Structures are given as structure tokens and as C-alpha cells.
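>>> sequence and computational prediction follow.
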Amino acid sequence: MSNFAPLVAAAVTFLLTTILLSSKAANRIQDIPNERSLHQAPVPRIGGLALMIGIFSGWMMISNSLTWWILLPLLMLFIISALDDIRGLSVRYRLLVHMGAAWLLVLGCGLFAQNLIVGILVLFLVVWVINLYNFMDGADGLAGGMALFGFGMYGMAALFGHDIRFAMLNFSVAAAALSFLYFNFYPAKVFMGDAGSIPLGFLAAAVGVWGWQKDIWPAWFPLLVFSPFVLDATVTLLKRAMRREKVWQAHREHYYQRIVQLGFGHRNTAFVEYALMACVGASALVALRYPEMATLILLLWSVLFLLALLLFDQLWKAGKNA
């Protein structure tokens with residue numbers, strides 16, 4: 001039955017998105033464009049509801065493989081984020097909930113008991129990944145594509161580790177993301193909103209920690225798989241912090257946003273990011289399969305990412321001065 005979990009997740013996501021787009025909620029819960037947006041017209045911000053319900057539906061086929069310290073924080077984040085999409089919540093309140101979810105994860109998987117310092121570091125890393133996924137959800141097809149490729153790579157790694165149920169758990173997320181992309185790829189008919197991006201960010205971190213604890217992959221594997229998101233958000237945050245800007249405020253300074261603004265457009269930017277995600281993920285699987293190549297692959301990507309960031313910084317400056 002577990003092999004059908006991804007199919008169920010994809011079908012429920014597709015069907016529920018279709019229903020929601022024809023409901024009153026599509027007109028009531030919308031992302032209204034402002035000076036920091038990349039879209040021009042209001043777009044329903046309800047896709048995350050269908051996406052997450054699709055994932056939960058698929059996971060019902062493998063419910064005995066789930067742990068409370070994944071499911072409980074995930075449900076908590078989903079509910080709070082859905083409320084935020086509907087009525088808006090303060091940044092301070094949301095951050096407290098994010099911290100609480102990360103604490104439950106780290107406590108539940110036993111990291112605090114194993115090594116307190118490592119547990120604290122993982123806690124803050126989980127909070128950061130929760131938020132960076134939200135920061136990176138700003139262009140058509142981008143966050144959904146990261147979920148498709150990222151959790152797809154998690155699933156492949158689980159197959160390498162001969163853990164079929166863990167693989168199906170990850171493939172269910174990837175399958176739901178694929179269904180969501182049918183509606184979210186440029187020109188997007190729906191956005192996932194915080195109800196989708198916040199739980200997906202948590203899952204990217206939580207499943208990464210879970211797979212590490214299950215000894216399916218080393219600690220570097222999840223970071224490399226999701227490195228396109230992690231690097232873009234982290235470098236952008238650090239640059240804004242160095243300029244003493246309010247890092248929590250919405251802006252258009254992420255590298256993917258600048259690629260769109262340089263004239264690549266949403267569609268081409270998505271394809272560029274997909275190619276990057278696929279290459280990074282495939283190389284992570286190679287490094288996992290052949291550990292003797294891991295150091296070389298990590299070093300190679302570090303150099304390539306540095307060169308890419310420097311190149312885009314120069315392109316951005318040239319474009320602004322033109």
C-alpha cells in the first residue's frame with residue numbers, strides 16, 4: 001500500500017487545488033502585488049492548503065512510519081501559517097511558533113540528549129530553513145520546483161538505503177509538489193502562501209535531520225540537496241544585515257528575483273533553477289553512493305557557487321548602470 005502514497009498525494013493535491021480555485025476562497029485569500037512583488041495582478045494564495053492536505057493524504061498510507069516529532073510540529077506550522085494567510089499574524093508570534101516546532105523536532109529525535117551543542121545548532125538551523133523557504137517563494141514555480149527536486153532526491157537516497165517507506169514518504173511530498181506546479185508554473189494561477197512554504201521549509205530540514213539520524217545519509221547531504229535555496233537566502237540575508245537593513249521585511253534582492261528583473265522572466269528563471277537543482281541533487285546522490293568523491297564534489301560546488309554569485313552581482317550592477 002505504501003507504494004501508492006505518492007499517487008494519492010498527487011491526486012488529492014490536484015483535485016483540491018481545482019476545487020479551491022473555483023471557490024469563494026480564491027477571491028478572498030489573495031496575494032496583492034506591491035512594489036516588492038514580481039507579479040502584476042492579484043493571485044489566490046491558497047495552494048498550500050491543497051498541497052499539504054495532499055501530502056497528509058499520501059502519508060495516511062504509511063502512517064505507521066511517521067513519528068510524532070515530525071507530524072506534530074508540521075501540523076502546528078500548517079495551522080498557524082494558514083491562519084497567517086487568512087488574517088495575518090505578527091512576525092514575533094510566528095517566529096515563536098517556528099522556534100517551538102524546531103524545539104519539538106530536536107527534542108523528539110534525541111539530539112539534545114546526544115549532544116546539547118549540536119542540538120542547539122540544529123534547532124536554529126531548522127528555524128532558518130523554515131523561514132528561508134518562505135523567503136524563496138517569490139517567483140512562479142520556484143518553491144514547488146525545489147520541493148519536487150529536493151524531496152525527490154531524498155526519496156532516491158532512501159532507496160539507496162533500502163528504506164522503502166521512508167522513500168515513499170519523500171516521494172509523496174515530491175508528487176504533491178508536481179501536481180501543485182501544474183497550477184503554479186508561469187503564469188501562476190495560484191500561490192502556495194505561508195501554509196505551503198513554511199511547512200515545506202520545516203520538512204526540508206526535519207526530514208534531512210531524520211535521514212541523518214536513521215544513518216541513511218550524512219549531515220552534509222540535505223544541505224547540498226537544498227543548497228540553491230540555502231545559499232541564495234543566506235547570502236542575501238547577510239548582505240542586508242551588513243547594510244543594517246531590516247532583514248525580515250519583504251524585498252526583491254534575492255538572486256532569483258534579480259534574475260527575473262534582469263529580463264530572464266519567470267519561466268526561464270524557473271528552468272535555470274530547475275537545472276541547477278537537478279545537477280546539485282544528482283551530484284549529491286553520486287557523492288552519497290561513492291563517499292570517496294564527496295569532498296571533491298562539495299569543493300567543486302563551493303567554487304561554482306562562489307563564481308556564480310560574483311557573476312550575477314556584476315550582471316546586476318551592469319544592468320542598473322545601463
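Arrived safely. Just so it is clear, the structure is predicted and the values come from calculations on it, not from any experiment. Numbers count the residues shown, from 1 in each chain.

>>> which residues of the stretch 201-322 of the chain fall in helices?
Using DSSP state H, counting those that start in this stretch, the helices of the stretch 201-322 of the chain run over residues 220-225, 227-242, 255-259, 265-289, 294-321.

>>> tell me which of those lies nearest to Ala102.
helix 220-225 (14.7 Å; Cβ to Cβ). All C-beta atoms are positioned from the backbone trio N, CA, C, and that covers glycine.

>>> what packs against the closest one?
Secondary structure elements in contact with helix 220-225, counted by 3 or more Cβ pairs under 8 Å, 6 or more residues apart in numbering; DSSP states H and E, are helix 142-160, helix 193-213, helix 265-289, helix 294-321.

>>> nearest to Tyr182, of the ones you listed?
helix 142-160 (9.4 Å).

>>> now the element after that closest one, going C-ward?
Going down the chain from helix 142-160, the next helix or strand is helix 164-184, by DSSP states H and E.

>>> how about the helices of the stretch 201-322 of the chain in a markdown table, adding mean neighbour count?
Converted to a markdown table, those look like this (neighbours: other Cβ atoms under 10 Å):
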| stretch | mean neighbour count |
| --- | --- |
| helix 220-225 | 22 |
| helix 227-242 | 18 |
| helix 255-259 | 21 |
| helix 265-289 | 18 |
| helix 294-321 | 13 |
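
>>> Serialize the ones you listed to JSON lines and add fields for mean pLDDT and distance to Leu49.
Shown next, in JSON lines, are these (pLDDT from 0 to 100; distance: least, Cβ to Cβ, whole Å):
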{"stretch": "helix 220-225", "mean pLDDT": "97", "distance to Leu49": "26"}
{"stretch": "helix 227-242", "mean pLDDT": "88", "distance to Leu49": "22"}
{"stretch": "helix 255-259", "mean pLDDT": "81", "distance to Leu49": "24"}
{"stretch": "helix 265-289", "mean pLDDT": "93", "distance to Leu49": "22"}
{"stretch": "helix 294-321", "mean pLDDT": "88", "distance to Leu49": "34"}
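
>>> which one of the helices and strands packed on helix 220-225 lies nearest to Asp31?
helix 193-213 (7.2 Å).
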